[in-house]
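Engineer: Pasting a predicted model and its sequence here:
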Amino acid sequence: MGHWYLVAYDTRAEDWRIYRLDRTAGPAPTGHRVPARTLPAPDPAAFVAAKVATAPARHRAVATVHAPAVAVLARTQGLPGRVTPIDDATCTVDLSGGSLARIAQLVAALDADYTPDADPEVVGYLRAAAQRTLHRTQPVGDSWPEPR
């Protein structure tokens, strides 16, 4: 599920900012009027996507993927600017973000062999998620394992 963003000019910082609407509370009019400005990009959605892609992340995770960049881009929609070709058959993908679960989803979407370069908590989360998946997909006799 995506997020809704407000693009606005911050007169104190004298720069454009994006604000996630689910994180805003109690907006109140200030009475302060500012002149209309033209967005610094022709496409507001592309502007937001570029800002989000370059925002600092809580969890660092970069993968060297053994697949062409064009194939990885097709599988990981929403990550343009984070996929960098190395050669015709390999690329790097910056999967860094604020959610370990989201990073695991993106890793699964790669659908290719990869070598991670990630923070220890990311690697630990990926291992635990893989173990849960492996456990839940191993039949026991004629049935599936009971949930833990």
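Structural biologist: Everything's here; your move.

Engineer: For the rest of this, base every contact and every neighbour count on C-alpha atoms.
Structural biologist: Will do.

Engineer: G124 in helix, strand or coil?
Structural biologist: The three-state label given to G124 by DSSP: H, G, I helix; E, B strand; the rest coil is helix.

Engineer: Report how many residues lie close to it.
Structural biologist: Neighbours of G124 under the rule other CA atoms under 10 Å: 13.

Engineer: buried stuff in the lowest-mean-pLDDT helix or strand in the chain?
Structural biologist: Using mean pLDDT, DSSP states H and E, helix 44-53 stands out as the lowest-scoring helix or strand of the chain, at a mean of 81. Within helix 44-53, the residues that count as buried by 16 or more other CA atoms under 10 Å are 47-48, 53.

Engineer: Residues contacting the helix or strand hosting A108, please?
Structural biologist: Per DSSP states H and E: A108 is located in helix 100-110. Applying CA atoms under 8 Å, 6 or more residues apart in numbering, the contact partners of helix 100-110 are 59, 61, 65, 72, 75-76, 95-97, 122, 125-126, 129.

Engineer: Over to stretch 77-93?
Structural biologist: Stretch 77-93 is contacted from outside by 49-50, 53, 62-69, 72-73, 94-95, using CA under 8 Å, 6+ apart.

Engineer: same question, stretch 45-52
Structural biologist: Contacts with stretch 45-52, where a contact means CA under 8 Å, 6+ apart, come from 5, 7, 18, 40-41, 78, 81.

Engineer: Much appreciated, bye for now.
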